[in-house]
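1. Everything below, folded, please.
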Amino acid sequence: MPPLSHQQLAAAVLMFHRPSRVSPMHDARRLALHEAAYVAMSFAAREGIWLRRLLAEIGFAQTEPTKLHGDNQSAIQLAKHPAFHAHTKHIGIHFHFIGDHIAEGTIEMVWIPTNTMAADVLTKGLGSRKHWDFVHAMGLVDASREGASWKERREVEEVCAAYARVQECLNRI
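-> You can find the predicted model right below:
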């Protein structure tokens, strides 16, 4: 008898112990993506809430909700309408706080198509055209490249100065 692969062994152990009446093996990939997107949105929401509090402390209170963009509609729906069911029972309760912030109006979930996710420039290898489109969509400029305008260089200097002020505030906390 040939040795079992890790996946076959895990499936055999799960079937033997029968922890659940429903076996999600056929949906494993979809569920993993759904969970990963939901957990990532929770981390992003936590960072957004922290930044909102920091901005409020230094005199720049936000009146509009912080918009989180996502391309996983299942994860967005779970964030907007948290509910306990078979597909979410394994997600840690501490990730579900995002629903409270959506209800309070501090966070707003916005679906955008996958091909317009500007953050992909940070996580994926893209073609040159799409790369630069996303770089500009995020408001980034390359002030060191030849031909950068005075205005672009000035914007970079202003952003660096603002960043230094935020760092000073953080060091005082």
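
2. use CA for all of it now, contacts and neighbours both
-> Will do.

3. Doesn't K67 lie inside a helix?
-> No - secondary structure of K67 (DSSP: H, G, I helix; E, B strand; the rest coil): strand, not part of a helix.

4. Could you pull up the residues touching it?
-> K67 sits next to I107, E108, M109, V110 when contact means C-alpha atoms under 8 Å, 6 or more residues apart in numbering.

5. residue ranges for the strands of this protein, please.
-> Counting by DSSP state E, the chain has strands at residues 66-70, 107-111.

6. for those strands, which one sits closest to R172?
-> Comparing the strands of the chain against R172 with C-alpha to C-alpha, the closest turns out to be strand 66-70 (25.3 Å).

7. and the angle for the closest one with strand 107-111?
-> For strand 66-70 against strand 107-111, the angle by axes from the mean of the first three to the mean of the last three C-alpha atoms, to 10 degrees is 30 degrees.

8. Give me the buried positions along stretch 67-75.
-> L68, H69, G70, D71, N72, Q73, S74, A75 (16 or more other C-alpha atoms under 10 Å).

9. Kindly reformat these as TSV containing pLDDT.
-> TSV is the format used below for the buried residues of stretch 67-75 (pLDDT from 0 to 100):
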residue	pLDDT
L68	84
H69	83
G70	83
D71	82
N72	80
Q73	84
S74	80
A75	79
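
10. Name the nearest of those relative to F134.
-> H69 (14.1 Å).

11. excluding its backbone neighbours, what's nearest that closest one?
-> Leaving aside its sequence neighbours, H69 sits nearest to V110 (C-alpha to C-alpha, 6 or more residues apart in numbering; 4.8 Å).

12. Low-confidence bits of this structure, can you list those?
-> Where the chain drops to pLDDT under 70, the residues are 1-32, 34, 82-97, 141-152.

13. Which helix runs longest in it?
-> Using DSSP state H, we find that the single longest helix of the chain is helix 28-57.

14. helices and strands around it, which ones?
-> In this structure, helix 28-57 packs against strand 66-70, helix 73-80, helix 97-104, with contacts taken as 3 or more C-alpha pairs under 8 Å, 6 or more residues apart in numbering; DSSP states H and E.

15. Starting from the first one, tell me which strands it pairs with and how they run.
-> If I follow you right, that is strand 66-70. Strand 66-70 has the following strand partners under DSSP bridges: strand 107-111 (parallel).
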